[in-house]
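Asker: below is the sequence, then the predicted model.
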Amino acid sequence: MSQLQDNFGRRFHYLRMSVTDVCNFKCTYCLPDGYRPDGKPKFLDLNEIENLVGAFAEVGTQKIRITGGEPTLRKDFTDIVRIVADNDKIKTLATTTNGYRLEKHAKEWFDAGLRRINVSVDSLDPRMFYQITGENKFDEVMRGVDAALEAGFERVKINAVLLKGLNDKDLPRFLHWIKHTPIDLRFIELMETGLGREYFKAHHLAGADIKSQLVQDGWQLDQSAVDDGPAQNFSHDDFKGRIGLIMPYEKNFCASCNRLRVSAKGKLHLCLFTEHGVDLRDLLQSHEQRGELIERLHGQLRAKKETHFLHDGITGVTQHLASIGG
Ligand SMILES: Nc1nc2c(ncn2[C@@H]2O[C@H](COP(=O)(O)OP(=O)(O)OP(=O)(O)O)[C@@H](O)[C@H]2O)c(=O)[nH]1
Ligand SMILES: C[S@@+](CC[C@H](N)C(=O)[O-])C[C@H]1O[C@@H](n2cnc3c(N)ncnc32)[C@H](O)[C@@H]1O
Ligand code: SF4
Ligand code: SF4
């Protein structure tokens with residue numbers, strides 16, 4: 001079966017699969033008022049997930065990241081991990097989590113087949129962590145990170161959204177942490193969502209500024225991390241950890257786009273900032289529908305735009321990233 005490719009020659013071997021919109025945190029840049037149910041949520045069930053993964057695997061998907069909302073709030077999260085891990089075409093299985101349930105379940109998820117984990121830790125100062133996430137859970141989350149390191153995950157990454165006037169003083173603490181700890185830090189430039197211009201204007205910090213500072217301090221661009229898509233990665237001889245920057249406002253950011261998204265209710269999003277998703281759910285009901293589903297995927301890929309709306313100055317297209325999984 002031919003691989004997913006768009007009109008610009010980009011190949012898509014990475015699926016970000018959201019399994020819930022629900023979240024228990026209130027990150028100020030994402031869900032400042034917390035999760036608000038939109039009617040009765042009915043997220044993809046295990047059968048639908050298995051059919052989805054099977055179809056994507058058949059058209060070249062090798063990496064799946066389970067995301068949300070907070071994916072680990074699903075009671076059947078471990079079963080979801082197992083379903084994806086059981087598909088031998090999927091070589092890399094990852095999740096992104098706020099770390100809330102990590103301490104207790106890291107080993108269980110690892111044993112079910114999860115191999116990479118990204119934990120969002122926006123600050124290493126517990127008070128700032130609380131101010132940003134709305135949850136006083138810094139110690140629990142950090143114990144979760146330790147549990148993940150102990151469980152044997154091949155990669156443990158920490159995501160932090162760069163926020164002017166909030167966590168922008170934290171860089172030295174983060175650097176101190178990765179001096180002797182083999183952690184990959186991911187600094188993500190704040191993206192403007194439907195939350196409003198004011199928040200963005202007040203807190204947006206250009207990733208390029210962090211990049212200049214890192215380069216000045218002897219960090220070197222590492223081109224070897226080929227599966228990382230649009231992130232730029234840096235390493236330093238004196239540090240065990242690495243740093244990745246996601247700078248969506250940089251020119252050419254989308255040229256290396258390699259990922260597609262499916263929402264928790266089964267909608268295909270060709271970009272994090274597309275206007276709407278295309279329903280796949282009607283074709284996720286049985287294994288026999290796989291051929292038709294694959295045809296729909298190929299058809300949709302032809303409509304993928306070269307770059308995203310943010311570059312055209314159109315904002316508010318995505319209300320918040322919890323709805324698509326970031
Ligand atoms: N605009 C944009 N932002 C992205 C893209 N990929 C990741 N991001 C942002 O970076 C955040 C962190 O991503 P993660 O879920 O941790 O995964 P990742 O950084 O893609 O990690 P890898 O799978 O190792 O590449 C996402 O939630 C988004 O906010 C992308 O393709 N486009
Ligand atoms: C939507 S969350 C879902 C997974 C999980 N709840 C978590 O926080 O890790 C995925 C990632 O999106 C990032 N994110 C959310 N809103 C963002 C925004 N407006 N700009 C940049 N990154 C954002 C978060 O920091 C997080 O690392
Ligand atoms: S970034 Fe993740 S943890 Fe924070 S509110 Fe959004 S979905 Fe929840
Ligand atoms: S913004 Fe859209 S097109 Fe650009 S890299 Fe992200 S998902 Fe791909």
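Answerer: Looks like it came in fine. Residues are numbered from 1 along each chain as shown. Ligands and ions are numbered 1, 2, ... in the order given.
Asker: rest of the way, CA atoms for contacts and neighbours
Answerer: Will do.
Asker: tell me how many other residues crowd the residue of the stretch 101-250 of the chain found nearest ligand 4.
Answerer: Closest contact between the stretch 101-250 of the chain and ligand 4, by CA to the nearest ligand atom, is at residue 230 (6.0 Å). Residue 230: 20 surrounding residues under other CA atoms under 10 Å.
Asker: how about it, what does it touch?
Answerer: Contact partners of residue 230, counting by CA atoms under 8 Å, 6 or more residues apart in numbering, are 246, 253-257.
Asker: likewise residue 268?
Answerer: Applying CA under 8 Å, 6+ apart to residue 268 gives the contacts 260-262, 277-280.
Asker: swap in 10 Å and give it another go.
Answerer: Contacts for residue 268 (CA atoms under 10 Å, 6 or more residues apart in numbering) come out as 17, 260-262, 274, 276-281, 297, 300, 324.
Asker: how about residue 285: what's its closest non-neighbour residue?
Answerer: Spatial nearest neighbour of residue 285, chain neighbours left out: residue 48 (6.0 Å); criterion: CA to CA, 6 or more residues apart in numbering.
Asker: doesn't residue 233 fall inside a helix?
Answerer: No: Residue 233: not assigned to a helix; according to DSSP: H, G, I helix; E, B strand; the rest coil it is strand.
Asker: quick one: it and residue 219 touch, right?
Answerer: Yes: between residue 233 and residue 219 a contact is recorded at 9.4 Å, counting by CA atoms under 10 Å.
Asker: can you list residues touching both of these two?
Answerer: 211, 242-243.
Asker: neighbour-wise, which one of the residues you listed leads?
Answerer: residue 243 (27 neighbours).
Asker: those residues of this protein touching ligand 2, which are they?
Answerer: 29-30, 67-70, 96-98, 119-120, 159-161, 188-193, 321-322, 325-326 (CA under 6 Å from any ligand atom).
Asker: now list the buried members of those residues.
Answerer: Neighbour counting by 16 or more other CA atoms under 10 Å classes 29-30, 67-70, 96-98, 119-120, 159-161, 188-193, 321-322, 325-326 among the residues of the chain next to ligand 2 as buried.
Asker: how close does residue 210 sit to ligand 1?
Answerer: Remark: distance between residue 210 and ligand 1 (CA to the nearest ligand atom, to the nearest Å) = 16 Å.
Asker: buried stuff in whichever strand or helix holds that residue?
Answerer: Element membership for residue 210, per DSSP states H and E: helix 207-216. Neighbour-count burial for helix 207-216, counted by 16+ other CA under 10 Å, picks out 207, 210-211, 214.
Asker: could you do stretch 166-181 as well?
Answerer: 167-168, 174-175, 177-179.
Asker: again with stretch 241-253
Answerer: 241-249, 253.
Asker: one more: stretch 37-56?
Answerer: Using 16+ other CA under 10 Å as the test for burial, stretch 37-56 gives 43-45, 48-56.
Asker: dump those to TSV, plus secondary structure, distance to residue 153 and pLDDT.
Answerer: Output for these, formatted as TSV (DSSP: H, G, I helix; E, B strand; the rest coil; distance: CA to CA, whole Å; pLDDT from 0 to 100):
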residue	secondary structure	distance to residue 153	pLDDT
43	coil	27	97
44	coil	26	98
45	coil	26	98
48	helix	27	98
49	helix	23	98
50	helix	23	98
51	helix	26	98
52	helix	25	98
53	helix	22	98
54	helix	24	98
55	helix	26	98
56	helix	24	98
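Asker: which ones are touching the residue in the stretch 51-200 of the chain that ligand 3 sits nearest to?
Answerer: Per CA to the nearest ligand atom, residue 69 is where the stretch 51-200 of the chain lies closest to ligand 3, at 3.9 Å. Residues in contact with residue 69 (CA under 10 Å, 6+ apart) are 18-25, 30-31, 35, 96-98, 264, 320-326.
Asker: of the residues you listed, which belong to helices?
Answerer: Among the contacts of residue 69, no member falls in helices (DSSP state H).
Asker: among these, which ones are in strands?
Answerer: Those of those mapping onto strands are 18, 96-97, per DSSP state E.
Asker: is residue 117 located within a helix, as I assumed?
Answerer: No: the assignment for residue 117 (three-state DSSP) gives strand, which keeps it out of a helix.
Asker: check what pLDDT it gets.
Answerer: For residue 117, the model assigns a pLDDT of 98.
Asker: that one against residue 71, yeah?
Answerer: No: using CA under 10 Å, residue 117 is not in contact with residue 71; the gap is 11.9 Å.
Asker: okay, and the common contacts of these two?
Answerer: 95-97.
Asker: what helix or strand does residue 106 sit in?
Answerer: Residue 106 belongs to helix 102-112, assigned by DSSP H and E.
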